[in-house]
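J.: Pasting the sequence and the predicted model now:
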Amino acid sequence: MKIALVALLAGLLFGAGLALGGMTNPAKVVAFLDVGGRWDPSLAFVMGSALLVTFPVFAWVRRAGRPLLAERFQLPTKRDLDPQLLAGAALFGIGWGIAGLCPGPAIANLAAGSPEVLLFVVAMVAGMWLRDRTAAITG
């Protein structure tokens with residue numbers, strides 16, 4: 001129960017940060033990605049701020065013996081770039097550029113009740129389900 005509450009609070013904080021930073025506004029995201037047109041660099045400051053918080057926390061995680069609410073940290077061990085990772089990154093970038101949304105901001109945007117965002121999230125969940133299904137079949 002304690003872990004679920006911490007996860008909920010972390011998710012709410014993350015969503016609030018996305019909203020405050022403008023990451024939930026698809027037009028702002030597309031303007032950030034439009035480096036050849038009317039580029040809006042303001043989201044670079046949001047991303048840079050996130051990195052300023054993340055780097056010290058990851059340094060602490062590496063030094064800490066164990067997390068506060070779990071038996072061990074669950075950090076990625078895979079270090080190579082495989083075709084699935086590259087294809088997934090490409091699809092993510094294409095989707096982000098077309099829709100101006102990625103998973104976190106899309107879920108945060110559900111609160112606005114936009115039909116376009118709801119369609120995006122339904123398509124995103126369907127894509128995740130399809131990927132899991134095909135991975136289970138192909139091994």
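T.: Yep, that arrived.
J.: When you work out contacts or count neighbours from here on, use the C-alpha atoms and nothing else.
T.: Noted.
J.: helix, strand or coil for the most centrally placed residue in the chain?
T.: When Cα atoms, centre = their mean is applied to the chain, the residue found nearest the centroid is residue 104 (4.7 Å). Secondary structure state of residue 104, per DSSP: H, G, I helix; E, B strand; the rest coil, is helix.
J.: what separates it from residue 128, distance-wise?
T.: To residue 128, residue 104 is 14 Å away according to Cα to Cα, to the nearest Å.
J.: Could you do residue 110 as well?
T.: Counting by Cα to Cα - residue 110 and residue 128 are separated by 18 Å.
J.: now residue 111
T.: Look at residue 111 and residue 128: by Cα to Cα, they are 21 Å apart.
J.: Ok, residue 4 next?
T.: To residue 128, residue 4 is 23 Å away according to Cα to Cα.
J.: go on, residue 7?
T.: Distance from residue 7 to residue 128, by Cα to Cα: 21 Å.
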